[in-house]
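K.L.:
Got a predicted structure here, sequence first:
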Protein chains: 2
Amino acid sequence: MKWDALEKEPCSLARTVAVIGDRWSLLILRECFVRVRRFDEFQSSLGVTRHLLADRLKKLVRFGVLTRIPYQETPKRYEYILTQKGLDLYPIIMSIVHWGNIHMVDSRGRPLLHEHKNCKKMFDPVMICSECGEPLAAKEVHVHPGPGARKSSRAGAMAR
Amino acid sequence: MKWDALEKEPCSLARTVAVIGDRWSLLILRECFVRVRRFDEFQSSLGVTRHLLADRLKKLVRFGVLTRIPYQETPKRYEYILTQKGLDLYPIIMSIVHWGNIHMVDSRGRPLLHEHKNCKKMFDPVMICSECGEPLAAKEVHVHPGPGARKSSRAGAMAR
DNA sequence: GTTGACAGTTCTAAAAAAGAACTATATCGG
DNA sequence: CCGATATAGTTCTTTTTTAGAACTGTCAAC
């Protein structure tokens, strides 16, 4: 299957995976959230090849996750900044980090701690139901086809 | 950079990306959460090549996200079931789906709706601070090096 | 006028994925 | 017994992607 085909799937997960579902895109976004903005900064902090970096940045701009704005004339230089759409990826990034904190740390402990500026405490992210406020678990959720579902298809299933 | 190197990074995001940071792993996990368990089921619902499917399932088992358990003898047949470690990926999956619901739907609307069995309502996932219960935004979070941080390195940065 | 920063592009080799066919074990129906 | 079907893979060849390194062009500073 091609990446383009993923975008067309009637599945919000598949469509999102088409945008961020590769190694470098996620790592690039991590850098964006710690305020890395320039080509060479990304390159040196990630060690990604310049070719791929240029490619991924273009992709993220194309999808509206980043914008490329000039920060100086002569010579023209650009920065890559998260758009609102990009900032909205934060829960994804945080839930990925949190899972790693729980399941992938070595004996030394977490590489990073997160402080919530509002309450001044170190926290973990918790996912709750928008309606009743209770924490969510996979087994407490039931899925239904929505208006954008493919006809005559099991919920979530792809073609074939 | 090799995938193995990612696992070793002092970064919970990188380590998690080493496990789930490719297209097919995320799609396979989506299927797991709608109770797909068998090789041919995965294959026909995803359209992934059999080779890659075998490879990704092995990887997910190796990382302890899935277990491979026999459901019949003669001939031996196996199912792939989410472990607790795998079930804990749910917030990641849900936040990915939610972002797609907000930013990647077409005019027809969402492919899937989620009902919370506890409160019987259709919901969206919301990420909150474990300490104060307020919804989280990227700009309200400050990061600090934790005990597992690399020395003399900007928080979150990789080598080089 | 040489060096260095920045933001890329171009090239070749190596690795990964796609796509299709093949293998192995066993059941079922006649 | 014979052929068809089911399940869970493996093997093969071709195509696509990625890695790794070098190169380009513009400008500023020394």
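P.N.:
Nice, thanks for sending it over.
K.L.:
Residue numbers of chain A in contact with DNA strand C?
P.N.:
Counting by Cβ under 7 Å from any atom of the strand, chain A comes close to DNA strand C at A:1-2, A:38-41, A:49-51, A:54, A:57, A:68, A:71, A:75, A:77-79. C-beta: built from backbone N, CA, C; applies to glycine.
K.L.:
what's the burial count for the nearest residue to A:Cys11 once chain neighbours are set aside?
P.N.:
Closest residue to A:Cys11 apart from its sequence neighbours, by Cβ to Cβ, 6 or more residues apart in numbering or on different chains: B:Pro111 at 5.4 Å. Counted with other Cβ atoms under 10 Å in any protein chain shown, the neighbours of B:Pro111 add up to 28.
K.L.:
again, but for A:Ala54
P.N.:
14.
K.L.:
So which of the residues of chain A next to DNA strand C are in helices?
P.N.:
A:Phe39, A:Asp40, A:Glu41, A:Arg50, A:His51, A:Ala54, A:Leu57 (DSSP state H).
K.L.:
give the contact list for the residue nearest to A:Cys11.
P.N.:
A:Pro10, A:Cys11, A:Ser12, A:Pro145, A:Gly146, A:Gly148, A:Ala149, A:Arg150, A:Gly156, B:Val105 (Cβ atoms under 8 Å, 6 or more residues apart in numbering or on different chains).
K.L.:
Same check on A:Val36?
P.N.:
Contacts of A:Val36 (Cβ under 8 Å, 6+ apart): A:Phe42, A:Ser45.
K.L.:
picking up where we left off before, buried among the ones in helices among the residues of chain A next to DNA strand C? Need that as a selection in PyMOL.
P.N.:
Applying 16 or more other Cβ atoms under 10 Å in any protein chain shown to those leaves a buried subset, and the PyMOL line that selects it is:
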select buried, chain A and resi 39+57
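K.L.:
Could you tell me what pLDDT the model assigned to the most centrally placed residue in chain A?
P.N.:
Relative to the mean C-alpha position of chain A, the nearest C-alpha, by Cα atoms, centre = their mean, is the one of A:Leu89, at 4.6 Å. For A:Leu89, the pLDDT comes out at 98.
K.L.:
So the helix or strand where A:Glu31 lies, near chain B or not?
P.N.:
Following DSSP states H and E, one finds A:Glu31 within helix A:23-33. Yes. With Cβ under 8 Å from any Cβ of the partner chain as the criterion, chain B is reached by helix A:23-33 at A:Arg23, A:Leu26, A:Leu27, A:Arg30, A:Glu31, A:Phe33.
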